[in-house]
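**Q** pasting the structure only:
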């Protein structure tokens, strides 16, 4: 029997994970639902000495990894790996794995929903009517088919967004330094995409290279009146540069499911009427969460049984 530590979870309970882990004969210990600070996670890891760590949002640091004598896997209950010290796990001989394709439909749907909210004014009009204002003559709406949409990042989700938007008749551009085809969009340099897109959609991972990818310099290149959508990771955008672009009218608005610093988000940004905000839920549906939790736990069980994970994100160094 091995010990599995689930650091945190963004759902009501740990029942799905527990059923999979315990059915395989292992012990599941769960931390607080809301992710604890890194030093508290380090304490939990050192105390319980888990053979596997499952983490949703909590930071799994190099110190936490180093404190376990027989750690086999750090499983991300999600896609991005920016909260895991991957290099430390690799050097420690532990796998890092994720579930890269569980929410492709949900996130791409969410990006398109934000685009439609902006183009057709649904969120703004809802706010106005509920506040007692009925003014259809003031509408300044867009024909979606006339829009040029630039997608930054052509992984699974970016390609799904491109595929869905093709049905709207938009002109589709894409930028991805690793892509060899646009999947229905025309590949262009980032600067060219920013200069001509009416809507810019971020589907990029958070890495050292993409941190503040959209900063003041890049926003200076944007077509005036464009709408910026981020359903990936908050730190892809510099908050101060974004606020300045909104105030100056360079951007006509933004649709943000993620914001740098969340959940403590800048009020000056999120309270603007030209900003549509959702609380990092683009990945979420009943079906996607059930799939995510089950597949994450099954990946842990697989590794504890001596098999490699199905979705490895590293190649562990041989154990001494």
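**A** Done, it's in. Keep in mind the model is a prediction, meaning the values are calculated, not measured.
**Q** residues contacting residue 205?
**A** With contact taken as C-beta atoms under 8 Å, 6 or more residues apart in numbering, residue 205 is in contact with 80, 82, 153, 155, 232-233. From N, CA and C alone the C-beta is placed, and that goes for glycine too.
**Q** Check for me that it belongs to a helix.
**A** No: with DSSP: H, G, I helix; E, B strand; the rest coil as the criterion, residue 205 is assigned coil and is not in a helix.
**Q** Check it and give its pLDDT.
**A** On pLDDT, residue 205 comes in at 93.
**Q** any idea how far residue 82 is from it?
**A** Distance, residue 205 to residue 82, by C-beta to C-beta, to the nearest Å: 8 Å.
**Q** residues shared between the contacts of these two?
**A** residue 233.
**Q** isn't residue 309 right up against residue 298?
**A** No: using C-beta atoms under 8 Å, residue 309 is not in contact with residue 298, being 9.6 Å away.
**Q** average pLDDT across stretch 113-127?
**A** 96.
**Q** same question, stretch 18-33
**A** Averaged across stretch 18-33, the pLDDT comes to 96.
**Q** Could you work out the end-to-end span of it for me?
**A** In stretch 18-33, first residue to last residue: 14 Å (C-alpha to C-alpha, to the nearest Å).
**Q** Stretch 58-67 now?
**A** Stretch 58-67 has its terminal residues 17 Å apart, counting by C-alpha to C-alpha.
**Q** quick one: buried residues of that stretch?
**A** Using 16 or more other C-beta atoms under 10 Å as the burial criterion, the residues of stretch 58-67 that qualify are 58-62, 64-66.
**Q** what does stretch 100-119 give?
**A** In stretch 100-119, counting by 16+ other C-beta under 10 Å, buried: 100, 102-119.
**Q** separation between the closest residue to residue 288 other than its chain neighbours and residue 281?
**A** Nearest non-adjacent residue to residue 288, counting by C-beta to C-beta, 6 or more residues apart in numbering: residue 103, 4.5 Å away. To residue 281, residue 103 is 10 Å away according to C-beta to C-beta.
**Q** Please apply the same query to residue 150.
**A** To residue 281, residue 150 is 24 Å away according to C-beta to C-beta.
**Q** and if you look at residue 142?
**A** Note on residue 142: its distance to residue 281, by C-beta to C-beta, is 25 Å.
**Q** Would you mind telling me which of the two has more residues around it?
**A** Each of residue 142 and residue 281 has its neighbours counted (other C-beta atoms under 10 Å); residue 142 has more, 18 against 14.
**Q** Which of the three states applies to that one?
**A** At residue 142 the chain is in coil, as set by three-state DSSP.
**Q** check contacts around it.
**A** 118-120, 198.
**Q** How about residue 37?
**A** Counting by C-beta under 8 Å, 6+ apart, residue 37 makes contact with residue 59.
**Q** And the pLDDT at it?
**A** 93.
**Q** What of residue 138?
**A** pLDDT, residue 138: 86.
**Q** Give me the neighbour count for the nearest residue to residue 26 once chain neighbours are set aside.
**A** Nearest residue to residue 26, sequence neighbours excluded (C-beta to C-beta, 6+ apart): residue 2, at 4.8 Å. Residue 2 has 18 neighbouring residues, counting by other C-beta under 10 Å.
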